[in-house]
Structures are given as C-alpha cells and as structure tokens.
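Colleague: Pasted the sequence and its predicted model underneath.
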Amino acid sequence: MGTQTTKKYFYKPAYGASGETEMGYFHAALDVVDSQMPVFPQAYATGTGTSGDPWANNCLNSAYTACPAGGTIYLRAGYYTLASTLTIRYKTVNIIGEGIGKTFIVTSMDHSAAMIVYDDYATLKGFTLDADSQAIEADRYAIKIINGSYITIEDIEVKNAGYAGIEFADCDYTTFRNLYLHDNSWLGLHAAHQVEEGGKHNIFQYIYIWGHTHQGFDDGNDEGPWLTDCDNVYDNIHSWDNGEEGIIFYAMVGGIVSNCHAWDNFLAGLSIQYSTNLSVSNSEFSFNENADAHGIAISYSDNITLSNVSANNNYEYGIRIGHSSNITLNNVRAKNNGYSGITLTDASDGIRLINCQFFDEESKQDYGIYNDELTAWVEVTNCQLLPNVSGATVGSPKMFTREGNNNTTFGTAAPTDGTWRVGDICRKTNTTSTTSPGWVCTTAGTPGTWTAMPNLTVLNQAAGDIQYFDGTNWVRLAKGTANQYLKMNAGATAPIWVT
C-alpha cells in the first residue's frame, strides 16, 4: 500500500498513484450501506411511544426526509402521531412496522389524506392507521395511491377515515394483501381511475372490509370501460355490514374474481355494472337481508361468467340481471330468497343457466326464475326450479332447454320468432288437466310450423277405462258394466257403452 501525502489516505499503486478511483468505490459502498440501514423516527421524536404519550414532533415526516431513496423507515411497536400528510414523492421509500395491533399511526389533522404515495416500488406494511381525527369530507383518505406501479400495501389495518380507508387511482402491477379496512366513513377500498389505460395487472388478496356507509370494496373506471382487459386478480375479498354494496365492479374489462364472500350488505353482496369479460368463481353472496337487497346484481354488462357461486337467503332476489347479454351461470345456487332465485329484466339476452339450483327449502322463495317480457332468450340446462312457493317460473319467459339435438322452450303460445328445428317443443306454462300441454315444431324454420300436442292427461282413471280423442283433447270413457259392449254414438263422434 502507498500513502497519498496530500489527502492522507491509502491507495493501491497498481490502481493509480492518487487512489481517487478506490476512494470513489469506497464512497459508493457507503451509499449502498446507508440505503440499507433503516431510519427510526424516534431519532426525531418527542414522547415515549405509549397511547397517552405517542412519538410526535412530526417524526414520521422527518424520518422520510432523512431516509435515502430506496431506504426503509422502520416503525417499532408503539404509537406515532401523524400531524401532517406523509407524502412519498420523488423519492421511493418503504415504511414497515412490526404488525397490525402493534405499530399504531394515529392522525391528529382533520384535512386531506394521512398518507399519499406517488412513486413506484414503494411499500407500506405492518401497522394500524387510525384516521379518527379526519373530518367527514369527500377528500379525506387514510391512504391515497396515485399513478404508481409495483407498489405493495400489505398487512395493514385502516379505520375511521373521513371518506375512504384506501383510495387508489391509475395504479398498475400493485399488490393489496392482508388488509383490514373498517369503520371508515364512506368506503373501505375505492378506485378513482381517471385514465382509460390505468388500473391494470393489480392483485387484491385477503382483504376484509366492514362497517362503511357506502360500498365496502369498489374497483372500476370513472371514465368508462377500459379499451383492453385490465387483468386484475381479486381473491379472498370478504365484505360485510356496508351501507350499499359489499363488492362492486364498475366499467371493468377483464378480471378474475374468486373465493370472495359478501353478506349483510344493504343493497347487494356483489354488483357488476357496465363491465365486460369478468369471471366470478367459488364465491358466496348470501344473507344480504336488508330491504330490497340482492345477492348478486348484474346490469349493463356483457360476457360475465359465474361458476360455483351461491346467492342464498337474500331479502329480494338471489340474482338480478338487467340490460345485459351473454351471461353464463354454471353450478350456481340461488335458494331461499325473498322473491326469486334469479330475476331477468330489461331486455337481457343470451342468458345461459347450466346445472343451477333455484329452489326453496324454507317456504319463502316464490319462484325459481322470473323472466320479464323484454328479456330475449334464456337457455336452461339441467336446472332444478322446484319446489318454490308459487312455481318454477313467472312472467312471459322465452326460455329453452337443450335435450340432445332439440330445444325445449316455455310459453303461453307457440313461438312466433326464433329459428327452430323439427322436434323442438314449446311447453305451455298455463296448461291445465284438460288442455294441450304445448306445441311441437313440425316444419323447421323461423319460426317454423308449430302443432298443438294432444292432452294425454286422464284423471280418476280405473282399471278398464278407455281413452279416446274428442276432436280437441284425449278424454276418458269410464269402464262399462259386465256384458256391455262399445258402439259409436248417433253422431259418430264418440264411443259409448250399450247393453
């Protein structure tokens, strides 16, 4: 080793007589070490960290100022006062506590958001945020995330915000995981996307939301549907005791919803509005029992799939679909609801019900399917619609089921539209024991030629009775007595017994 006599540090002669290059490496190494050393707010705080004497003196903002880019602010267990908005902008940092119910951040201001995140790759993790000091206003958030990507919000409890617990806008590749959001004034977790291509490739997982005056979980685009699929994943979202919907998707395009549960919400467990290409599976939206509440409400939407989903014991409808098309329900259960298992309204079309159960076990659900006169075609395959208090269906349904290569539809008259094959059947929904049970298509076409099927029902039959056609229906001729024989009546229109 040599010594640089002017600047007084060692150098390796092979690397240059001055040692300047080596000193640059050394300082760079120190910068890396500094970025990996956590910053503790206690260095800037007053107080002892108890609930009665929290760490204060704007220590969280001071710690952010002192923290290098990419560094971590470490929040030891205890109480911290947040007196002004903590904004992560122009410098990404991580804020990590010791866990929910251990590290507490309590606001003392009534304005704006408690925390705002703009920068990519930031992390908020491991604390309880209590924004009880916030006034009840539309811009009061506990946490607001704007335009960031690759952000992680994890292991956090948020409560008592003046508007929304967490609001996010135009975030991509962001993870929200293991969150407990409750008793915020309006909403638990709320999207406010303003950009047509914002809010994509996000993950929402293990989120528990309750006690809000409006929606619990709300994701969608304020500016209308996205131009391409958002590809968000929603897994294990549980939402209850909210003043409107438990979970709502508005103007969504694409997304996978699974293992979700919403109950005891005032309007609906799940609401899907103005959305496309959304799949929901392995979820339950039951026991939303306030007046007018539904399990699932789908409106103005297209290409929605529900698979292995339950919507039982809701106040009014299990499922309500309106102004929507290409909706497929596979292995869906909607039982014991106040009016119907499923209600189809307002010019919906392309509804497919496969292996579903829409029946009643508690003497409360009137109908399996209610289908208004505006709704077009409904395909029903292998569904159980009885028992119900008043019947399987109500309204003027244009439903059909598939039996092999043929279709069976239902109505009060033979079809007057649609394309039909020979052998297709229309079963009469208001048939009686003395009228035709329906019609059969005898000539294919649009709507084809339909012929009334004879009534084959005979009441009070006994051994020896004879059945004959009276020109309209098949009817019963009771058996005669011993040694009587049959002959035609005088008009040659019916058989009679004579001695």
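Modeller: Nice, thanks for sending it over.
Colleague: Partner strands of whichever strand or helix holds residue 295 and their direction?
Modeller: In the assignment (DSSP states H and E), residue 295 maps to strand 294-299. With DSSP bridges as the test, strand 294-299 is paired with strand 268-273 (parallel), strand 317-322 (parallel).
Colleague: Mind putting these into TSV with mean neighbour count, distance to residue 494 and mean pLDDT?
Modeller: Where you see a C-beta, it was placed from the backbone N, CA and C, and this is true even at glycine. Below are those laid out as TSV (neighbours: other Cβ atoms under 10 Å; distance: least, Cβ to Cβ, whole Å; pLDDT from 0 to 100):
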stretch	mean neighbour count	distance to residue 494	mean pLDDT
strand 268-273	27	59	97
strand 317-322	26	50	96
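Colleague: Now render the ones you listed as JSON lines, adding distance to residue 114.
Modeller: As requested, those are exported to JSON lines (distance: least, Cβ to Cβ, whole Å):
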{"stretch": "strand 268-273", "distance to residue 114": "28"}
{"stretch": "strand 317-322", "distance to residue 114": "38"}
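Colleague: Quick one: closest of those strands to residue 490.
Modeller: strand 317-322 (58.6 Å; Cβ to Cβ).
Colleague: I'd like the distance from the closest one to the chain centre, please.
Modeller: 14 Å (Cα atoms, centre = their mean, to the nearest Å).
Colleague: ok so, going back, show the average pLDDT along the strand holding residue 295.
Modeller: Averaged over strand 294-299, pLDDT sits at 96.
Colleague: Which residue ranges of this protein form helices?
Modeller: Shown for the chain, the helices assigned by DSSP state H span residues 20-36, 59-66.
Colleague: comparing these, which gets the lowest mean pLDDT score?
Modeller: helix 20-36 (a mean of 56).
Colleague: does residue 85 really touch residue 116, like I thought?
Modeller: Yes. Under the criterion of Cβ atoms under 8 Å, residue 85 makes contact with residue 116 at 6.1 Å.
Colleague: And residue 348, how close does it get to residue 469?
Modeller: 41 Å (Cβ to Cβ, to the nearest Å).
Colleague: the more surrounded of the two?
Modeller: residue 348 (25 against 11; other Cβ atoms under 10 Å).
Colleague: What does the pLDDT read for residue 46?
Modeller: Residue 46 is given a pLDDT of 97.
Colleague: Pass me the low-pLDDT residue ranges in the chain, would you?
Modeller: Applying pLDDT under 70 to the chain flags the ranges 1-36, 193-198, 222-228, 373-376, 395-405, 433, 456-460.
Colleague: how is it carved up into domains?
Modeller: According to automatic domain parsing, the chain comprises the domains 2-34, 45-411, 466-498.
Colleague: got the end-to-end distance for the second one?
Modeller: End-to-end distance for domain 45-411, by Cα to Cα, to the nearest Å: 76 Å.
Colleague: same check, this time on stretch 483-497
Modeller: One end of stretch 483-497 sits 10 Å from the other (Cα to Cα).
Colleague: likewise stretch 354-367?
Modeller: With Cα to Cα, one end of stretch 354-367 sits 17 Å from the other.
Colleague: Can you list the buried residues in that stretch?
Modeller: Across stretch 354-367, burial judged by 16 or more other Cβ atoms under 10 Å covers 354, 356-360, 365-367.
Colleague: so can I have a markdown table of those residues showing distance to residue 207?
Modeller: Shown next, in a markdown table, are the buried residues of stretch 354-367 (distance: Cβ to Cβ, whole Å):
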| residue | distance to residue 207 |
| --- | --- |
| 354 | 30 |
| 356 | 28 |
| 357 | 29 |
| 358 | 30 |
| 359 | 33 |
| 360 | 33 |
| 365 | 31 |
| 366 | 35 |
| 367 | 35 |
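Colleague: Among these, which are located in strands?
Modeller: Residues of those located in strands (DSSP state E): 354, 367.
Colleague: Check the chain and tell me which residue is nearest its centre.
Modeller: The structure's the chain has its C-alpha centroid closest to residue 270; by Cα atoms, centre = their mean the separation is 4.8 Å.
Colleague: Show me the beta-bridge partners of that residue.
Modeller: residue 247, residue 296.
Colleague: from what I can see it touches residue 262, true?
Modeller: Yes. Counting by Cβ under 8 Å, residue 262 is a contact partner of residue 270 at 5.8 Å.
Colleague: list the residues that contact both of those two?
Modeller: 245-247, 285 (Cβ atoms under 8 Å, 6 or more residues apart in numbering).
Colleague: And the furthest pair within those residues?
Modeller: Taking Cβ to Cβ, no two of the shared contacts of residue 270 and residue 262 sit farther apart than 245 and 285, at 9.9 Å.
Colleague: who's more crowded, those two?
Modeller: A side-by-side neighbour count of residue 245 and residue 285, using other Cβ under 10 Å, places residue 285 first with 32 against 29.
Colleague: If you drop the residues flanking it in sequence, what lies closest to that one?
Modeller: residue 269 (3.0 Å; Cβ to Cβ, 6 or more residues apart in numbering).
Colleague: Kindly reformat the shared contacts of residue 270 and residue 262 as CSV containing distance to residue 134.
Modeller: What follows is these, written out as CSV (distance: Cβ to Cβ, whole Å):
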residue, distance to residue 134
245, 23
246, 23
247, 24
285, 31
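Colleague: distance between the strand holding residue 295 and the chain's centre?
Modeller: Using Cα atoms, centre = their mean, the offset of strand 294-299 from its chain centre is 9 Å.
Colleague: swap in stretch 143-151?
Modeller: With Cα atoms, centre = their mean, you get 22 Å for stretch 143-151.
Colleague: circling back: ok, now which ones touch the residue nearest to the centre of the chain?
Modeller: For residue 270, the contact set (Cβ under 8 Å, 6+ apart) comprises 245-248, 260, 262, 280, 283, 285, 295-297.
Colleague: just curious, which of the residues you listed is nearest to residue 51?
Modeller: Nearest to residue 51 out of the contacts of residue 270 is residue 246 (Cβ to Cβ; 32.1 Å).
Colleague: How many neighbouring residues does the closest residue to the closest one other than its chain neighbours have?
Modeller: Among residues not flanking residue 246 along the chain, residue 262 sits closest, at 3.0 Å (Cβ to Cβ, 6+ apart). The criterion is other Cβ under 10 Å. On that basis, residue 262 has 30 neighbouring residues.
Colleague: Surely residue 262 touches residue 248?
Modeller: No. Assessed by Cβ under 8 Å, residue 262 is found out of contact with residue 248, at 9.7 Å.
Colleague: Between these two, which contacts overlap?
Modeller: 268, 270.
Colleague: hmm, back to that, which members of the buried residues of stretch 354-367 are the farthest-apart pair?
Modeller: Among these, 354 and 366 lie farthest apart (Cβ to Cβ), at 23.0 Å.
Colleague: and residue 494, what is it in contact with?
Modeller: 468, 470, 477, 488.
Colleague: what's the spacing between it and residue 291?
Modeller: 58 Å.
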